[in-house]
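Colleague: using only what follows, build the 3D model:
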Amino acid sequence: MVTPAKLALFRLLPSIDELLHSEPLQPILVRQGRAATLEAARAVLEGLRARIAANEMTEAQIAGAVDDVPREIEERLKTAMAYSLRPVINATGVILHTNLGRAPLSRAALDRIVEVSQGYCNLELDLETGKRGKRDIHVDRLLAKLLAGTRREVATIVVNNNAAAVLLTLNSLAEGGEVIVSRGELVEIGGSFRIPDVMAKSGAVLREVGTTNRTRLADYEGAVNERTKLLLRVHRSNFEIRGFTQQPPLEELSDLARRHGIPLMEDLGSGDVFDLRQVGVHGEPTIADSLRAGVSMVTFSGDKLLGGPQAGLITGVHDLVAKVRSNPLFRALRADKMFHAALEATLLAYLREDYDTLPVLHSMRLTEEAIDQRAQHLTHRLHISTVGLNVEVLPSRSVIGGGSAPGSTLPTRVVAVSSPHLSADAIAEKLRAWTPPIIARVEAGRTLLDLRTVEPEQDAILFAAAKSLLR
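Modeller: Sure thing, here's the model as predicted:
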């Protein structure tokens, strides 16, 4: 039961209508809109009512709280109406970090997105004939030039990601039939998506051959029958099998497929145009390598080793790509103008051999010496500016990430931060709370900052954040 004394305290609170018509709330209403401001005002008043009901506020405290209500409403709105998708500084050394958005886009790609998206564009208009065109032509023409050395004329279409590319291709070429895959390639990628599940959704029937570690050409050949629609090679993405292993070369699989009149498809996952052997990474096949080996259809991602936006690209012989494109699912999975614009700018950088304009390739091409120089400079500044913080430069390894080049790492130098006053996890948490958030990694009781994935202009932000850790 509410006593008269408590009822009198409740009456000290303004009504919602009074609040919304009060002078301090007018600029807030203009900035944030009536609906959001109304919701915040109700929440603030409800909080005050709960405190009064719990006997936590005197009359004097209520008067002070009422004066503070507009500020409380504005603070609530700042949190509620702020962007939750925020830029962060990637100091983990994982170049293609899925949780951090994978490949950063190049300046040229960002400029093209703005240029193409802020108005109208010829996404599906043939400017020469004035008739409707195909949106894939903008990417198709560039990949055809990049892959011209494979001696195979190829076509390319674009969907929203590589899982969609695999699903669409399997459904288009093998629905109702069997697809032969090695047991060692039945991978699970991030988010618990598994190749067998994707195949089941496509309507194709999985035919497993070989064992986890050894699959021979004879295993594939023995499984071919009148229901076989496709041979499938799958990139192992985020793991590798070593030791007593066997896998038939693509050339042999291609020859087998050709003899039986069956297409050979390869899910490359990452899709590399740049030869990673130039940066010391071996064993990662390029798109061109697969096509030269006789693969009929290749699927790969746009936002991994290619260094572009999230997309799934399907590249292969013209008649098979045309069949995939005619599938009604294609329209449901296609990418929009922004992704085509970013892909076009990314592929042009490859044609011009402007590799360092692509952030992913620039990060991979950074030398250990260049990273060490920046790390030593940052460490020296922190030594003379902080007390109680232990900072040193250590050798370490950067990771390609994103399911690309499993097992391959790049030599790097990290700034290792520790303190007797804070645990490594606490330091990492404070760095994440910085603006912009700094994402580090924790190893052996230290918080590590790998500058391979940090832009040089962001070093000053790392310095300011590290300097403030013990405040």
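Colleague: not counting sequence-adjacent ones, nearest residue to residue 44?
Modeller: Leaving out its chain neighbours, the residue that sits closest to residue 44 by Cβ to Cβ, 6 or more residues apart in numbering is residue 72, at 4.7 Å. Using the backbone N, CA and C atoms, a C-beta is placed for each residue, glycine as well.
Colleague: now do the one you found against residue 161, distance only.
Modeller: Separation of residue 72 from residue 161 (Cβ to Cβ, to the nearest Å): 43 Å.
Colleague: what pLDDT does the closest residue to residue 466 other than its chain neighbours get?
Modeller: Closest residue to residue 466 apart from its sequence neighbours, by Cβ to Cβ, 6+ apart: residue 382 at 5.6 Å. Looking at residue 382, its pLDDT reads 94.
Colleague: if I read this right, residue 382 contacts residue 465, doesn't it?
Modeller: No - with contact defined as Cβ atoms under 8 Å, residue 382 does not count as touching residue 465 (10.5 Å).
Colleague: show me which of those two is the more surrounded one.
Modeller: Between residue 382 and residue 465, counting by other Cβ atoms under 10 Å, residue 465 is the more crowded of the two (24 against 20).
Colleague: residue 434 is in contact with that one, correct?
Modeller: Yes - counting by Cβ under 8 Å, residue 465 touches residue 434, with 4.4 Å between them.
Colleague: shaky segments in the stretch 351-471 of the chain?
Modeller: Within the stretch 351-471 of the chain, no stretch falls below the threshold (pLDDT under 70).
Colleague: switch the cut-off to 90
Modeller: In the predicted model, the stretch 351-471 of the chain carries pLDDT under 90 at residues 385-388, 401-409, 470-471.
Colleague: could you pull out the strands in it for me?
Modeller: Assigned by DSSP state E, counting those that start in this stretch, the stretch 351-471 of the chain shows strands spanning 390-401, 409-418, 438-439, 441-443, 446-450.
Colleague: residue 376 versus the residue nearest to residue 466, what's the distance?
Modeller: For residue 382, the distance to residue 376 - Cβ to Cβ - is 11 Å.
Colleague: what about the helices in the stretch 151-300 of the chain?
Modeller: For the stretch 151-300 of the chain, the helices defined by DSSP state H, counting those that start in this stretch occupy 162-174, 195-202, 217-223, 250-260, 287-292.
Colleague: ok, of these, where does mean pLDDT dip lowest?
Modeller: helix 195-202 (a mean of 89).
Colleague: tell me which other helices or strands it touches.
Modeller: Packing contacts for helix 195-202, counted by 3 or more Cβ pairs under 8 Å, 6 or more residues apart in numbering; DSSP states H and E, involve helix 162-174, strand 178-182, strand 205-209.
Colleague: the same query, at a cut-off of 10 Å, please.
Modeller: Judged by 3 or more Cβ pairs under 10 Å, 6 or more residues apart in numbering; DSSP states H and E, helix 195-202 is in contact with helix 162-174, strand 178-182, strand 188-189, strand 205-209, strand 228-234.
Colleague: helices along the stretch 301-450 of the chain, start to end?
Modeller: Ranges of helices in the stretch 301-450 of the chain, per DSSP H, counting those that start in this stretch, are 318-325, 329-333, 337-351, 359-365, 368-383, 424-432.
Colleague: and the last one, what's buried?
Modeller: Residues of helix 424-432 classed as buried: 424, 427-428, 430-431 (neighbour count, 16 or more other Cβ atoms under 10 Å).
Colleague: now do the first one
Modeller: Burial within helix 318-325, assessed by neighbour count using 16+ other Cβ under 10 Å, is assigned to 320-321, 324-325.
Colleague: looking at these, spot the one nearest residue 171.
Modeller: Using Cβ to Cβ, residue 324 comes nearest to residue 171 of these, at 8.6 Å.
Colleague: so the closest one is in contact with residue 172, correct?
Modeller: Yes - counting by Cβ atoms under 10 Å, residue 324 touches residue 172, with 4.2 Å between them.
Colleague: any common contacting residues for these two?
Modeller: Any residue near both residue 324 and residue 172 by Cβ atoms under 10 Å, 6 or more residues apart in numbering counts here, and that gives 297, 314, 330.
Colleague: just the buried residues out of those residues, in PyMOL syntax.
Modeller: Per 16+ other Cβ under 10 Å, the buried members of the shared contacts of residue 324 and residue 172 correspond to this PyMOL selection:
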select buried, resi 297+314+330
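Colleague: need the overlap of contacts for residue 382 and residue 465.
Modeller: With Cβ under 10 Å, 6+ apart, residue 382 and residue 465 have common neighbours residue 417.
Colleague: report pLDDT for residue 247.
Modeller: Residue 247 carries a pLDDT value of 85.
Colleague: count the residues that sit near it.
Modeller: 19.
Colleague: again, but for residue 208
Modeller: Using other Cβ under 10 Å, residue 208 has 16 other residues around it.
Colleague: from residue 262, how far out is it?
Modeller: Separation of residue 208 from residue 262 (Cβ to Cβ): 17 Å.
Colleague: can you get me the start-to-end distance on stretch 293-305?
Modeller: Taking Cα to Cα, to the nearest Å as the measure, stretch 293-305 stretches 20 Å from start to finish.
Colleague: the nearest residue to residue 361 once chain neighbours are set aside - how many residues pack around it?
Modeller: What sits nearest to residue 361 in space, not counting adjacent residues and going by Cβ to Cβ, 6+ apart, is residue 355, at 4.5 Å. The number of residues packed near residue 355 is 17, by other Cβ under 10 Å.
Colleague: alpha carbons only: can I get stretch 146-164 in PDB?
Modeller: Taking C-alpha atoms only, stretch 146-164 is exported to PDB below (Å, rounded to 0.1, in the frame of the first residue of the first chain):
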ATOM      1  CA  LEU A 146      43.700 -11.400 -64.900                       C
ATOM      2  CA  LEU A 147      43.200 -15.100 -65.800                       C
ATOM      3  CA  ALA A 148      44.100 -14.800 -69.500                       C
ATOM      4  CA  GLY A 149      47.400 -16.600 -68.900                       C
ATOM      5  CA  THR A 150      45.500 -19.800 -68.100                       C
ATOM      6  CA  ARG A 151      44.700 -20.400 -71.800                       C
ATOM      7  CA  ARG A 152      41.000 -20.900 -70.900                       C
ATOM      8  CA  GLU A 153      38.300 -18.400 -71.600                       C
ATOM      9  CA  VAL A 154      36.300 -18.000 -68.400                       C
ATOM     10  CA  ALA A 155      33.300 -16.200 -67.200                       C
ATOM     11  CA  THR A 156      32.500 -14.900 -63.700                       C
ATOM     12  CA  ILE A 157      29.400 -14.100 -61.700                       C
ATOM     13  CA  VAL A 158      29.100 -12.700 -58.200                       C
ATOM     14  CA  VAL A 159      26.900 -13.600 -55.300                       C
ATOM     15  CA  ASN A 160      26.900 -12.500 -51.700                       C
ATOM     16  CA  ASN A 161      29.500 -14.800 -50.200                       C
ATOM     17  CA  ASN A 162      31.500 -18.000 -51.000                       C
ATOM     18  CA  ALA A 163      29.100 -20.300 -49.100                       C
ATOM     19  CA  ALA A 164      26.300 -19.000 -51.400                       C
END
